[in-house]
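A.B. asks: Predicted model follows, preceded by the sequence.
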Amino acid sequence: MLINGNDIDLTNLEKPLLLVSEDEELLFLRVIQPTLEQGLIQCPLAFSTRKTISIVRDFWLAMYKDQEKLYINSGHALLYPIRLIIFEHVTQAEYFKRLSKKTFEDEWLSLIYAVVLLQFILQWINERFSDNKEVFKALKILYRATDDKVDDDDQTSPSREQSIGQAIAVKAIRFEVRENSEEFASLLNQTYNFVNYLYDKENETDERETTKLPSMRNVEEALNLFYSKRYTTNKATFTG
């Protein structure tokens, strides 16, 4: 289907980072397809490519499922080190654990939170590295939309360029988070507060739409306000 102008096959995402059942895979498709079909795409970075939507699925599962029943698929983790480093830094944070308590076994809220959270994380990564040509090039190679039609079978043996790019990006992200730990924590805190705001808006009335997605439909104004206060930038993105 067309997502932000890109043709993305939701049935051919990257392999799951977490151990996931077939029922959980199908459930994710059932909740994300109507989300996109209704035009709820105010988070363009999170919905930019099959790679980023695969990270949405990682976050969604971590929020939807019992934390004690989450297991990394070690074989898939080796294929997607960038996804792994992002996942680890975010899900190990206390703010994420608080959010997951609200979204446990709620597939719709889990999706909303996963999308918004990834949007802010990718925005932060983009801004931190857009002036670093080597890292920016690596991220652009790995996340540009033109790479979206690569089959998963082709990714079992990444090219030398891809392997080097992933190693560069992973090292840079790990260093940046460590050196700017307070800023990264602040980002997660603000995101936590933002999704709590969405949660409160969602529960202002007992009347819920059949799609259970009113918060995402009305999130654009709140997102713009958030960006204007923290993430105003004229820098190019790495997803185009």
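C.D. replies: It's in. Residues are numbered from 1 along each chain as shown.
A.B. asks: Quick one: neighbours of residue 83, just the number.
C.D. replies: Using other Cβ atoms under 10 Å, residue 83 has 24 neighbouring residues. Every residue, glycine included, has its C-beta placed from N, CA and C.
A.B. asks: That one looks like it's in a helix, true?
C.D. replies: Yes - the assignment for residue 83 is a helix, going by DSSP: H, G, I helix; E, B strand; the rest coil.
A.B. asks: Need the pLDDT of it.
C.D. replies: We note a pLDDT of 90 for residue 83 in this prediction.
A.B. asks: Residue 175 versus that one, what's the distance?
C.D. replies: 18 Å (Cβ to Cβ, to the nearest Å).
A.B. asks: do the same with residue 108
C.D. replies: Taking Cβ to Cβ, one finds residue 108 at 36 Å from residue 175.
A.B. asks: Looking at those two, which has the bigger crowd around it?
C.D. replies: Set residue 108 next to residue 175 and count neighbours by other Cβ under 10 Å: residue 108 wins out with 19 against 11.
A.B. asks: after whichever strand or helix holds that one comes which helix or strand?
C.D. replies: If you go by DSSP states H and E, residue 108 is part of helix 107-129. Next helix or strand after helix 107-129 toward the C-terminus (DSSP H and E): helix 133-143.
A.B. asks: List the buried residues in the helix or strand just after that following helix.
C.D. replies: Sequence order places helix 160-179 as the next helix or strand after helix 133-143, per DSSP H and E. Neighbour-count burial for helix 160-179 flags 162, 165-166, 168-170, 172-173, 176-177 (criterion: 16 or more other Cβ atoms under 10 Å).
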